[in-house]
Structure formats: C-alpha cells, structure tokens
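*Asks:* how would this look folded up:
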Amino acid sequence: MREMMTGLVHYALAPLSVELREMPVSEIGEEEVLLRVGAVGVCGSDVHQYHNSQSWPVRVPVVLGHEFCGTVARVGQRAKGFREGDRVVSETAASICGECIYCRAGEYNLCPKRSGFGSGTHGAMANYVCVPARCLHHIPDTLPFERAALTEPCCVAYNAVAVKSQIRPGDTVVVIGPGPIGLLCAGMAREAGAGTLVVAGTSRDASRLGVARALGATQTVDVQNVNMREYLSGMGDGFGADLVIDAAGASAALQVALEIVRPGGQITKVGWGPQPLNFSLDPLVQKAVRLQGSFSHTFKNWEKVVAMLGAGQIHLGPIISQVAALDRWKDCFEGMYVGKYVKAVLQPN
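*Replies:* You can find the predicted model right below:
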C-alpha cells in the first residue's frame, strides 16, 4: 500500500476551491529527491489562486506552495550531491526544457517551457514534495526552516535589486508597494548602499510601512496623502530618485515611478498587474530612463542568498508575521489577503 499524506489542494478554477486532502506520497524519479517539508511560505500567488484571480495558467488539481525547504527523505538513483537527512531549500522551476538558449546559459527562469511548483506541478503545502535534485541547495544547520522558507522571495528581491538594478552608495531609492517582495527589495537596497531609502504604500499599508522602517527605510510615505513628485523634489538635488522599484504591479504605480525617477535614472519593475497602462510613456523617453523588468531568479542568486541568510545578513524577523501548522492554512491565507499578516509560513510536519 502506498504511503499517504495530507496536502493543500487547489482543485478547481473557481474562487475558494482549495481544501486539505489525503493523497498518496509521490514516487520519485531517478534524478529526483523526496523532501519531508520543513516549512513553506504563503505567497501572494497562493492567495490569488485561492481566490481564482491569478493571471497565469494553473493545472488543477495541484498542491499549492512554491517557497519551501525541508529534509531529504529519499534520493533517486541518479540524483547527485544529496543524501537522506540533508537540510535543503528548493528553487521554484519544477520543470524546464533544459535545451533552449536560456536553459543552456543558466537563465532557466526565462525558459518558455518553465513550469513552477504549486501551479503546474504539485507544490510543498503537504507533508512531502517530489523535487528535481537540480533545484536543491544545502542550508546550514543554524538556519531555521521557517526562515529558510523565505529564500525564494529573497532571491526575487536579490535578482531585482542586486542584479537587474544599479545602486551606488548614497543613491536615493524608492520602493513602491510594501508587500513581502517590496519589503525584501527595500532590505536589499539598504544592503547595496542606498543612502535615502523611501518605501511608499497606501493607507491600508500602515503596519507594513512600520515593517519597512524596521528594515532600514529612512522614510515611509502614504501615497494617498502625499504627492510623491513634490515629496521627492524636496530631497537631495531635487531631480528625483536614482532608482524606483515598482513592487506594486498596478499601472498607477508605474505612472508614479515615471514621475519621480530622475533624468537618466532607472525603474525596475518586479510587481505583476494585468491592467492596461492608460497613460503615456513619453516621460520614459523624455527623461532617458531605463525601464527594466525582473522575473524570478537563477542558481547564482540562490547561492548568494543562502549565504546571506546563513550569515544573518538578511533581516527576516519583522516580515514573518505568523508560523502555523498546515491545518491553519485558511487563517494564514485570509490574514495575508486582508493585510493582517505580512508573511505567513506553514509547517506541514
């Protein structure tokens, strides 16, 4: 008889179609590893799928969860570099072609056939998850699982700020959108040498703006009460921000970014949003601004971030609002949806 486990399953493309189900533990392939899940972060994308408001394809039924770590329980015959008992964290690219120019160059995050855990492949909101060995990174014994589970969003922030953006010590950096990714981007910008670090949100983000200050923001702004262009004109030489990170995704955020970025500056867009722009991009041309998209992460990003987490260089305490057992998933999902929690982490075992 096959071993059974409990998993949080997105079972239909309709709102609130998520539930705990008993299901068999997956059989692993020769190049795969079975992980006993130590912790899994609740991402905004999980919450979107719970409400069926996602803008990406989902193959239901599928176990949710792509931000995860755990202990190696079984190792496939051809899976190299890992053995039972190893503490590891996993990347999110569950399936890639391995043959396109992007895969061959190590930029598999851009592979056209990339499929992620929790949407195209069973994820880690379960007792066990089956993972290709190529996705795994060892983590130190001193790094708790509930923090290691945030390696993935930290890698998103690292790629956006440290790789795709340019920050010089003393630069003025503005982060729009104090969600988990925006807050982690703010922390990375501080590590990269930002002098003036402004995090902007709305009135409902008051508690998250407090977290931004704890992470090193020099100023926080409620965009519903402050004109950002006027606010930035009173800083430094008055020309605006050297770098604006759009972590909100809404079209209005990009419009604000174009207003407040200095001539010759940069905007890095990491937030998703399906809305049409409905405004002119002429300021992009007039100011000779560089607009850069940033998506996901690569092996090198993961190695850097795991080292930073192991050294305590990334401050996660203010971001983790709730750590709970898997059967409390609904409170975590709803708490993140209404802004009660910045980041929730589930512990299936």
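
*Asks:* now the strands for the stretch 1-150 of the chain?
*Replies:* Per DSSP state E, counting those that start in this stretch, the stretch 1-150 of the chain carries strands over the ranges 4-10, 18-24, 32-41, 62-63, 67-75, 87-90, 93-95, 115-116, 128-132, 136-138.

*Asks:* List just the one of the ones you listed that sits closest to residue 205.
*Replies:* When those are compared by Cβ to Cβ, strand 32-41 sits nearest residue 205, at 19.6 Å. Heads up, the C-betas are built off the backbone N, CA and C, glycines and all.

*Asks:* Give the pairing partners of the closest one; include direction for each.
*Replies:* With DSSP bridges as the test, strand 32-41 is paired with strand 67-75 (antiparallel), strand 128-132 (antiparallel), strand 343-347 (antiparallel).

*Asks:* distance between the ends of stretch 265-275?
*Replies:* 25 Å (Cα to Cα, to the nearest Å).

*Asks:* Pull out the buried residues from it.
*Replies:* 265, 266, 267, 268, 269, 270, 271, 272, 273 (16 or more other Cβ atoms under 10 Å).

*Asks:* Return the member of those residues nearest to residue 200.
*Replies:* Nearest member of the buried residues of stretch 265-275 to residue 200, counting by Cβ to Cβ, is residue 271, at 12.4 Å.

*Asks:* what about that closest one, distance to residue 141?
*Replies:* 35 Å (Cβ to Cβ, to the nearest Å).

*Asks:* next one: residue 267
*Replies:* Residue 267 is 40 Å from residue 141, by Cβ to Cβ.

*Asks:* Then residue 13?
*Replies:* 41 Å.

*Asks:* hmm, back to that, so which of the buried residues of stretch 265-275 sit within strands?
*Replies:* 265, 266, 267, 268, 269 (DSSP state E).

*Asks:* what sits opposite the third one in the beta ladder?
*Replies:* In this structure, residue 267 has the following beta-bridge partners (DSSP bridges): residue 244, residue 291.

*Asks:* Flag the shaky bits of this structure, pLDDT-wise.
*Replies:* Under the criterion pLDDT under 70, the flagged ranges of the chain are 1.

*Asks:* Next, the contact list for the residue positioned nearest the centre of it, please.
*Replies:* The residue lying closest to the centre of the chain (Cα atoms, centre = their mean) is residue 153, at 2.9 Å. The contact partners of residue 153, by Cβ atoms under 8 Å, 6 or more residues apart in numbering, come to 41, 43, 67, 180, 181, 184, 343.

*Asks:* residues touching the nearest residue to the third one once chain neighbours are set aside, list them.
*Replies:* Translated: residue 67. Spatially, and ignoring its direct neighbours in sequence, residue 67 is nearest to residue 41 (3.4 Å; Cβ to Cβ, 6 or more residues apart in numbering). Contacts for residue 41 (Cβ under 8 Å, 6+ apart) come out as 65, 67, 68, 149, 150, 152, 153, 343, 344, 345, 346.

*Asks:* Many thanks, have a good one.
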